[in-house]
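Chemist: sharing a sequence plus its predicted fold:
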Amino acid sequence: MNKLLLSSLLLLAVAGTASAQNRRQPASTDSVGRPAIPGGFPGAAAQRAQPRPYKSVITDKALTRKGLFTTHKVDDKYYFEIADSVLGREILVVSRISKAGAEVRAASGYAGDQIGSSVIRFEKGPANRIFMRKVSYRTYSPDSTKSMYQAVQRSNIQAISAAFNVAAYAEGGKGSVIDVTDYINGDSEVFFFGSAQAKSGFRLGNLLADRSYIENVRSFPTNIEITTVKTYTLTAAQTGFGGGAPAGGGGGGNNGSATVELNTSLVVLPKKPMQPRYFDQRVGFFAVGYTDFDLNPQGIKEVQIIKRWRLEPKPADMAKYRRGELVEPMKPIVFYIDPATPKKWVPYLIAGVNDWQKAFEKAGFKNAIIGKMAPTAKEDSTWSLDDAGHSAIVYKPSEIANASGPSIADPRSGEIMESHINWFHNVQKLVHDWYFTQAAAIDPRARKMEFSDELMGDLIRFVSSHEVGHTLGLRHNYGSSSTVPTENLRNKAWVEANGHTPSIMDYARFNYVAQPEDNITPKGIYPRIGDYDKWAIEWGYRLLPEYKSADAEISALNKLAVERLKDRRLFFGTESNPDDPHSQNEDLSDNAMKASEYGIRNLKRILASLPEWTKNANEGYDDLENMYGQITTQFGRYLGHVSKNIGGIYENPKTVEQTGPVYERTPAATQKEALAFLEANLFTTPTWLINQPILDNTGGNSLQVIGRMQETTLNRLFSSNTLSKLIAGEAQDGDKAFKITDFFTDIQGSVFSELKANKPVDVYRRNLQKIYVEQLIELVKPPAAPAAAAVIPAGAGRRGGGAEQASLPNDVKSVAKAQLRSVNALVKSALPATTDSMTSYHLQDLSDRITETLDPK
């Protein structure tokens, strides 16, 4: 975004307001300084309640607070006194739940949850009114000198969201007093729940006005804080695809009521927006964007700018900063810890914040980010956790096993204005189960159901750092762990010095590759802020003062990226690419097959001791059941990591200044290695999971557990996406490709190996063979009729049917039919020599199914 673009945006807002004021200002005032009613307005406007003398509205009873607006409470009325200097200023509105009852928590509604955000501005309207417009920045033509400007403005008028009569004009005539009582007491989508869908997501329906009220309105220099208590009808849980409640209706029927306390923050945006920085797909930042009609003279351009905090040196330190010396920012990033947080975890949460200080040194700032305890009421009676002027880690007494790091940004520049990290109490269970499953084989401290405070504190610190990273603008980097050679993860000196992934923003939880004999300490097991994270902060936050616009710095930033990205450890892999084996969550190393082999070795070790490590006196086997489920889930992750290599396509974002292709298919040898892993560890029954004492005490069903993983894996391998990529790979790479015929031949040989050796087929293998045949049958079935596909039940089409099957290349169906014929021939040849009755029944059933599919009567 260039300087002209930013200037024009600001001028557009100011000039639009100024011109409106010039057009609408009355020519004269009455004896108390109120503007006279101008002529030319319709008769109805003249009947409006006219402004009264200031002191007859804001009486001696008023409780007045000065700030962004001067707020007044007179009896049960609330007034905003908006100075003329604030009219036309963009104001960010952020709404959150500050207190909620169990009824709303059941729908994931907790204190601190954001429920809406928007940008508004106030401006003078005709007939002594103040308009509140809801501002959209989605479409721009910022240059008023160009012909496109007027056309875009005509098509992009900002909606008047509310209109207020002027109750009085400020003394001196430089401000307007409006009564906001009814508006705040109402159910505004601007001030409260951002949409009917957002409200219905918490099972809330219609507002019950007789049980709702305004708790408080507070004014601060740059923000207004409004606290309300609102009661809504409580609706039944919504069901069905996209099934939100009808507007105003709540849907699902009335099931009582629920009361919530809401906090609404109005935060004025900077007069001068921060200089934005354009998004670069090689560095993982969140972004805000808009459609620009001016940048591309022959079309439009989708502009994306990264989200980041405004960090600037103090004016006196700018020369030092330019010389490369570390300086403190004019305004550091501060995260306060919720006073409700258990005291023993506070130091670890603060450490997770402060760990980012080293990364900001790469951008030229020291002490750029600080974690601290929130002040007590004695220390600062005006401080509030709900104040959008403060960023905080908000502790929630929730059974949700998670944490999240959202942020609110200025849509004009990407400047992050604040963040409230959601810290759910039960995240401790999440990190416990992860660490137990991935590290108990190598860390004796993990071999219990209740970790020491020291170990749990370390895990909390890691999650804190990860979530803070999101609030700094960083997205998940699923590709980071793929830059580490597998054997380095077993090299004690290397992994303890460098970490098992270069990014804490990866989902690479703990070092499950390390083996007990490697003697690796927690330094080589835990995630940490790594080389990629430091690079991303440097790229996003280092100021380039010599460039006065986002456009001007593009070349310099690209040159820096091209040079730095020669180091593969700085690679960014998006979380949204379904095809790239390098970009996966929960995985480690540059070779999923080798890493998963090591991971399985550790799972076997843990499973052998699981009854002992989960045993608690005077309790049953719930923990044993849970942790057995965690082990099978981890094993399933390994299968998924390996499967993604088959038909895989690597993505390496580049500009034209960089060498090499952006997209490369996974080598045929790697795909064969992946298939061999699945044959050895999944299609060959993983009998190590059949632990009879565990199953006897938990009621588990090993056939279901193993069958579910086999079915899930074959679903993925036989999906239209995977098979289409195999076809396309052969079309482009010829004999170098891993061909679809080779793929099916290898799988069939593994799945039906007993038939060629005339061996009985046990129950696990019979189940696998049926799954295999059913997958092939789904591939050759005619696609569902369009009318029947209009409503798809949950879980339908998971085997490639319906719309997915209709998109298959013709060759896929041909190969699938050929495989069915081949299996049928194999089955028929094996039947005469089969002496085991269950095997015979099974093979005849397979033959019948195939025959019915290929030759329906």
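Modeler: Perfect, I can see it now. Numbering: from 1, shown residues only.
Chemist: residue 135: what's it in contact with?
Modeler: 90, 118, 119, 120, 121, 158 (C-beta atoms under 8 Å, 6 or more residues apart in numbering). C-beta coordinates here come from the backbone N, C-alpha and C atoms, glycine included.
Chemist: residue 339 too?
Modeler: 373, 374, 376, 385 are the contacts of residue 339 under C-beta under 8 Å, 6+ apart.
Chemist: inside helices: which ones of these?
Modeler: Among the contacts of residue 339, no member is found in helices (DSSP state H).
Chemist: what subset of those is buried?
Modeler: 373, 374, 385 (16 or more other C-beta atoms under 10 Å).
Chemist: what's the closest of those residues to residue 431?
Modeler: residue 373 (22.4 Å; C-beta to C-beta).
Chemist: so of the contacts of residue 135, which ones are in helices?
Modeler: Using DSSP H, none of the contacts of residue 135 sit in helices.
Chemist: restricted to strands, list those.
Modeler: Counting by DSSP state E, the contacts of residue 135 place 118, 119, 120, 121 in strands.
Chemist: what average pLDDT does the helix or strand containing residue 849 get?
Modeler: Element membership for residue 849, per DSSP states H and E: helix 837-854. In this model, helix 837-854 has a mean pLDDT of 96.
Chemist: what does stretch 278-287 give?
Modeler: pLDDT averaged over stretch 278-287 gives 96.
Chemist: in space, what's closest to residue 491 - neighbours in sequence excluded?
Modeler: Of all residues not flanking residue 491 in the chain, residue 518 sits nearest, at 7.9 Å (C-beta to C-beta, 6 or more residues apart in numbering).
Chemist: ok so, going back, wait, which of the contacts of residue 339 is closest to residue 511?
Modeler: residue 373 (32.3 Å).
Chemist: and that closest one, what's its pLDDT?
Modeler: Value for residue 373, per-residue pLDDT: 95.
Chemist: am I right that it is in contact with residue 337?
Modeler: Yes - counting by C-beta atoms under 8 Å, residue 373 touches residue 337, with 5.2 Å between them.
Chemist: which residues do the two both contact?
Modeler: With C-beta under 8 Å, 6+ apart, residue 373 and residue 337 have common neighbours 346, 350.
Chemist: one step back: out of the ones in strands among the contacts of residue 135, which is nearest to residue 726?
Modeler: Nearest to residue 726 among those, with distances taken as C-beta to C-beta, is residue 118, at 46.9 Å.
Chemist: which SS state does residue 49 fall under?
Modeler: coil (DSSP: H, G, I helix; E, B strand; the rest coil).
Chemist: and for residue 95?
Modeler: With three-state DSSP as the criterion, residue 95 reads strand.
Chemist: which of the contacts of residue 135 sits closest to residue 73?
Modeler: residue 120 (21.8 Å).
Chemist: wait, what's in contact with that closest one?
Modeler: 90, 91, 93, 132, 133, 134, 135, 161, 190, 266.
Chemist: mind picking the lowest-pLDDT entry from those?
Modeler: Among those, residue 135 has the weakest pLDDT, 89.
Chemist: mind listing what the residue nearest to that one when sequence neighbours are not counted touches?
Modeler: In this structure, residue 135 finds its nearest non-sequential neighbour in residue 119, 4.4 Å apart by C-beta to C-beta, 6+ apart. Listed by C-beta under 8 Å, 6+ apart, the contact set of residue 119 reads 90, 91, 92, 93, 134, 135, 136, 137, 269, 411.
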